[in-house]
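Asks: show me how the following folds:
(chains A, B, C and D)
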Amino acid sequence: MSAFPDRLRLSDLLGAEICGEDGRHVGVVHDVVAVQAGPLTTGFDAALELRALMVGPRGIRARLGMSPAHARGPWLARLLALPGRQTDPIPWSAVTAVEPGRIVVGAISR
Amino acid sequence: MSDPSAPPGRELLLALQLLDRQIVDRHGKLAGKVDDLEISLPSGGGPPVVTALLTGRGALADRLGGRLGRFAAALSRRLVAGDRERPGRVPVSRIADIGNHVTVALDADEMPTYAVEAAVRHGIVEHIPGSGVKGA
Amino acid sequence: MNKVLGITLGILTAMGGFVDIGDIVANSETGARFGLGLAWAVVVGVIGICVFAEMAGRVAAVSGRPVFDLVRERLGAKVGLVNLLASFFITFLTLTAEIGGIALALELASDVNYLLWIPVAGLAVWLVIWRVKFESMEQIFGLMGLVLVVMAVALWRLGPDWSDLAHQAAHPAVPHGEGHATYAFWAIALFGAAMTPYEVFFFSSGAVEEGWSRRDLMLNKANVFIGFPLGGVLSLTLMGLTAVVFQPAAVSVGSLSQSALPVSLAVGKLGLALVIIGFFAATFGAALETGLSCGYTISQYFGWPWGKRVRPREAARFHLLVLVALGVAVGVGLTAVDPIKVTEYSIVLSAAALPLTYLPILLVANDRDYMGESANRWLSNLLGSVFLVVLVVVAAVTIPLMIVTKAGS
Amino acid sequence: MSRVVRWLALVAAAGTLAGCTRIVGPVRTAEDYELKAASTADAVLSGVRTAELVVDAADRGRAFASYVAVALDDAEGDASGAAATFASLQPPGPSSDQLRDELDALTSEATDALATLRITARRGDLDQLAAQAEPLADIADRLAAFSEQHG
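Replies: Sure, this is the predicted structure:
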């Protein structure tokens, strides 16, 4: 995990473009899955580990920074909530580099 | 949020279930919003982890970006005393529970966003008679 | 005991929220101009606000989170902020109109120019928000507004041709000499007056203020399905009064004094006094709601402590917001801008901005994580979707219609 | 992103601005002018009819003095406001001048009568209103006829 800034913000990941090592556009980060690796109150910081990236099309939704496409409700409301088609999450282990606005992912076993 | 005291390994969607959520202090008092999350690489290797909630002090402004963001950033710089470089940080270890809102094991006045609230309270509101009394 | 008092939240929301200066102006003007030809717009508005407020109240009761807290979460910070700015501007415009309404009502009772009453009204509203408890605020103005029932007595005493009125309402038609665009504009004005966003900001924040929980869901329904229809009936009564008295005489309504005239003619001095008190209570109640909503919207977006259940010093920025909003509203009022005109713009712009806050509530009300088994069932979703379409269409046509008809003139 | 936000803000601002400034188109043709005259007559008629109703209420002891004074003041305000707006319009051609004079005479007759009523009401002499309001009926009929003829 060489090319990873020592500190960044969730907003740097959200909406960032995901592309393969060959530069192929895969999609845009809609959300980040984390797992509570230990009870929150034990005091050590390793509680919330990043596990995967929720990927979706570039779409209006990502550009507007709207929360991900988990719109639930009548089909009309979901339509107007501009949800993007959700592809399978990409495991964090596949990420090889994180640059400003871009995330490079290695071979994904698809 | 079916079961807040779920065993470790509980999955969380950071943008949907943590970002922009209301922060509540240990006494139930409202204490700002999760404006962003700080993610760092643990020194011992392994996947990156969320190390802190970012709240107040222009954290939201940075995230908005564009003209709206710059406007908000300028506004918050004028309002907030103290160092502006570091946004307000609440280490993850201080989080007590993540549910409809995020409960932190802190008092509201220990929170970074408290500076402006205190400024308005001492500067203006407390000078108005009856500010310490709940409605009759 | 709190449950019975809870009922008054609905009554105040209806009284203050529903029968406010926007409804008094819109229903008086349309009654004189179109008879009961636009009654349907009020009915649609009432059903709409019932659907919207019931969902918002349920979401607030179950999740403890009022509207603007959720708008940011569901639409994201950016779209949420644009939504906040638009909703705050419209709520502030409505506050200015309500304070003008209070001043006009006091002018009717005193023959002292309304401009002199505007600062007095602003100060009185602030004092009540600052000192009076949430529940007692509801009861005082909620029940005081009930005197508007005198309008129904007036309509009955005028002995109109009820079948003709029913016919007008049942067969809406654009009277000759009126353009279709103007007819549509006033339909939106009535709809906007019936379904103003601040009512829902207030209602959902009120539910949190009163500490509602799942146990209060029935109370939520009672509040909504008693309060808002009550306001709707009173609005239609006012429309009937001006239709019966003014339309035949080709009188167009442009001032609050005209709105009170039919009651004076039909019931006399006592009736006149009661309707003026009713106008005062309704506009004062609405000024409280819009004043508080100015604080609620921004505080809930940024997560600041808000509301009246904490001591004022523990919600400093919230109370500062309310104070500044009231101060600027008084300032705008003192520029002698016609409060009736401000009202017309506020109700029409409200109609245009409704989808902004309606959509997130509809989404959250369906979110099982949040609502558990209190999530929307098929009926709420059916009505919810119908009104989503109505709101989007209204939002699309409002601004163009406003330009074409020069705001309905 | 800021493009979308800028667009949203632009639309909101334009709408509000357009809505707030009552775009009063210039009156060009005689026909427009005549229509404007008719609608002015309607507005003044509305003020006169309102005053008649208020005086009726006062005369039958159904309204108290402060309300009667304000209501008559409002009615006068509506009528004189409409008349003043029309008077400020430039008649497109000499053919419209005769129309303008006719309406001008009618509206000033109406606003004078309404002013008298408002002054009396402000003095609290409600019992004199009925007598002073007698000419209103005839003025109203002539205004209605004018509006019908030119509307």
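
Asks: how about the nearest residue to residue B:100, chain neighbours excluded?
Replies: Using C-beta to C-beta, 6 or more residues apart in numbering or on different chains and skipping residues adjacent in sequence, the residue nearest residue B:100 is residue C:63, 4.8 Å away. The way it works is simple: take the backbone N, C-alpha and C, and place the C-beta from them, glycine included.

Asks: an error on my part: the question was meant for residue A:95.
Replies: The spatial neighbour of residue A:95 that comes closest, neighbours along the chain excluded (C-beta to C-beta, 6+ apart), is residue A:105 at 5.5 Å.

Asks: quick check: phi and psi at the one you found.
Replies: phi -120, psi 140 (degrees, to the nearest 10).

Asks: residues contacting it?
Replies: The neighbourhood of residue A:105, defined by C-beta atoms under 8 Å, 6 or more residues apart in numbering or on different chains, consists of A:18-21, A:26, A:90, A:94-96.

Asks: mind checking which helix or strand the spatially most central residue of chain D is in?
Replies: By C-alpha atoms, centre = their mean, chain D has its centre lying nearest to residue D:79, at 3.0 Å. Assigned by DSSP states H and E, residue D:79 belongs to helix D:65-87.

Asks: using PDB, write out every CA atom in that helix.
Replies: In PDB, the C-alpha atoms belonging to helix D:65-87 read as follows (Å, rounded to 0.1, in the frame of the first residue of the first chain):
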ATOM      1  CA  ALA D  65     -65.600  53.600  14.600                       C
ATOM      2  CA  SER D  66     -62.000  52.500  14.400                       C
ATOM      3  CA  TYR D  67     -62.800  49.800  11.900                       C
ATOM      4  CA  VAL D  68     -65.000  52.000   9.800                       C
ATOM      5  CA  ALA D  69     -62.300  54.700   9.600                       C
ATOM      6  CA  VAL D  70     -59.600  52.200   8.500                       C
ATOM      7  CA  ALA D  71     -61.900  50.500   6.000                       C
ATOM      8  CA  LEU D  72     -63.000  53.700   4.400                       C
ATOM      9  CA  ASP D  73     -59.300  54.900   4.400                       C
ATOM     10  CA  ASP D  74     -58.300  51.600   2.600                       C
ATOM     11  CA  ALA D  75     -61.200  52.000   0.100                       C
ATOM     12  CA  GLU D  76     -60.100  55.600  -0.700                       C
ATOM     13  CA  GLY D  77     -56.500  54.400  -0.900                       C
ATOM     14  CA  ASP D  78     -57.400  51.700  -3.500                       C
ATOM     15  CA  ALA D  79     -59.500  54.100  -5.600                       C
ATOM     16  CA  SER D  80     -57.100  57.000  -5.600                       C
ATOM     17  CA  GLY D  81     -54.100  54.700  -6.100                       C
ATOM     18  CA  ALA D  82     -55.700  53.200  -9.300                       C
ATOM     19  CA  ALA D  83     -56.700  56.700 -10.500                       C
ATOM     20  CA  ALA D  84     -53.200  58.100  -9.900                       C
ATOM     21  CA  THR D  85     -51.600  55.200 -11.800                       C
ATOM     22  CA  PHE D  86     -53.900  55.800 -14.800                       C
ATOM     23  CA  ALA D  87     -53.300  59.500 -14.700                       C
END
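
Asks: and it, how far from the chain's centre?
Replies: 7 Å (C-alpha atoms, centre = their mean, to the nearest Å).

Asks: name the residues of that helix that are buried.
Replies: Neighbour-count burial for helix D:65-87, counted by 16 or more other C-beta atoms under 10 Å in any protein chain shown, picks out D:66-80, D:82-83, D:86.

Asks: do the lengthiest strand in chain A and chain B meet?
Replies: Secondary structure of chain A read by DSSP state E shows that its longest strand is strand A:25-36. Yes: with C-beta under 8 Å from any C-beta of the partner chain as the criterion, chain B is reached by strand A:25-36 at A:30-36.

Asks: selection in PyMOL covering whichever of these are buried, please.
Replies: Buried subset of these, written as a PyMOL selection, criterion 16+ other C-beta under 10 Å:
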select buried, chain A and resi 30+31+32+33+34+35+36
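
Asks: which pair of the residues of strand A:25-36 next to chain B spans the longest distance?
Replies: Farthest pair in the residues of strand A:25-36 next to chain B (C-beta to C-beta) is A:30 and A:36. Separation: 20.6 Å.

Asks: low-confidence stretches in the chain?
Replies: By default, I'm working from chain A. Filtered on pLDDT under 70, chain A yields the residue ranges A:1-3, A:38-46, A:59-72, A:79-87, A:108-110.

Asks: chain D was what I was after
Replies: In chain D, residues with pLDDT under 70: D:1-27.
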